[in-house]
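> Dropping a prediction and its sequence here:
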Amino acid sequence: MPAAPVMRLATRSSPLALLQVDLVAAALALAVAGGGGGGGAGAVERLALNSAGDLRRDVPIAALGGQGVFVKEIDDAVLSGRAEASVHSAKDLPSSVSGGLVIAAYLPRADPRDALVGRRLGDLAAGAVVASGSVRRRAQLAWLRPDLRFAELRGNMATRLEQVPEGGAVVVAMAALDRLGLSARADQVLSTTEMLPQIGQGAIAVCCRPDDEATLEALGAIDHAPTRREVEAERAWLRSVGGGCDAPVGAFARCVPAGTGAGTPDTPDTVLLEAMIASPDGHVLVRDSMNGTDPEALGRSLARHLLEDCGGRALLEQAGFRP
């Protein structure tokens, strides 16, 4: 019997990105071993590349164009045939996948929350400095603590953890700390009530060409349906709002399995979606939630509500965005 083909996975070259490829490889191997399909996927090879966001660490993400700065070069490898699939932190993906690729699989979502390293929020002195390159994080922290000051933060996790301001803190994704074995470094994990995460935060997305049937089949065996429904709702919301990682917006969805409430076993899981739009300085913030069984429709409905009924459109337009 001929050997199963090698699947080449394109990724960024950071330690976290390479670890995420290992998680995808492990999931594929488990699917094959467990008889879950996998389309005969064999060994996995990494194709590590540098994205525009990695090469320009001295420039704020928003100044690089925000959405997609960690993605394009990685996806181009798939489009050109140098790789069968690309592996991303779902939060780095633009609201529409580049180049006509499709998201073929999501791994089960890890902790979606943000974490403070250095000090707990309540222990920060008035005027303390918090380092973060995220407009979303800064706006929500300023809403909670208008006295805080902010500094830019770029680089891989090791670099970020070396840049804790004296008497201050840095903000990082808890999923990244967990995956790198650094969860003990978190001084406080912020609840989603305190800070809504970036769209897709905590999820790993794997993209491929829509006409590559073998890769689609292999990746379909590891797709986690609840995570897909959650992230689809968040991404539908983001597309309708028109922002990206450079906008003061955030959303978080979670699935409630059918049968745990009023639903029946053959009813689709209910998706609970919460989202917010803020002014970049955090002085004004609007936030609300909805639930439904159609992730796309739910995302669009909540976006329309926040934009039109809650004043979100005016907030984004004042910040230079056009919903």
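Structure's in. What do you need?
> what about Gly100, neighbour count?
Here the number of neighbours of Gly100 (other CB atoms under 10 Å) works out to 11. All C-beta spots, glycine's among them, are computed from the backbone N, C-alpha and C.
> was I right about it contacting Pro210?
Yes - counting by CB atoms under 8 Å, Gly100 sits close enough to Pro210 to count as a contact (6.8 Å).
> which stretches of this structure form helices?
15-33, 52-55, 72-79, 135-144, 157-161, 174-179, 213-220, 225-241, 295-304, 312-318 (DSSP state H).
> So for Ala205, which of these sits nearest?
Nearest to Ala205, of all the helices of the chain, is helix 225-241, at 7.5 Å by CB to CB.
> tell me the angle of that closest one relative to helix 295-304?
Here the directions of helix 225-241 and helix 295-304 differ by 40 degrees (axes from the mean of the first three to the mean of the last three CA atoms, to 10 degrees).
> who does helix 225-241 touch, helix- and strand-wise?
strand 102-106, strand 249-256, strand 270-278, helix 295-304 (3 or more CB pairs under 8 Å, 6 or more residues apart in numbering; DSSP states H and E).
> Between strand 270-278 and that helix, find me the angle.
On the basis of the same axes, to 10 degrees, helix 225-241 is oriented at 40 degrees to strand 270-278.
> tell me which residues of helix 225-241 are tucked away?
226-241 (16 or more other CB atoms under 10 Å).
> closest to Asp114 among these?
Nearest to Asp114 among those, with distances taken as CB to CB, is Glu234, at 15.1 Å.
> Against Asn291, how distant is that closest one?
14 Å (CB to CB, to the nearest Å).
> now swap in Val189 and tell me
Distance, Val189 to Asn291, by CB to CB: 25 Å.
> cool, and Arg304?
Distance from Arg304 to Asn291, by CB to CB: 15 Å.
> I'd assumed Arg8 was in contact with Arg48.
That one is not Arg; residue 48 is Ala. No - in this structure, Ala48 is not within contact of Arg8 by CB under 8 Å, at 11.0 Å.
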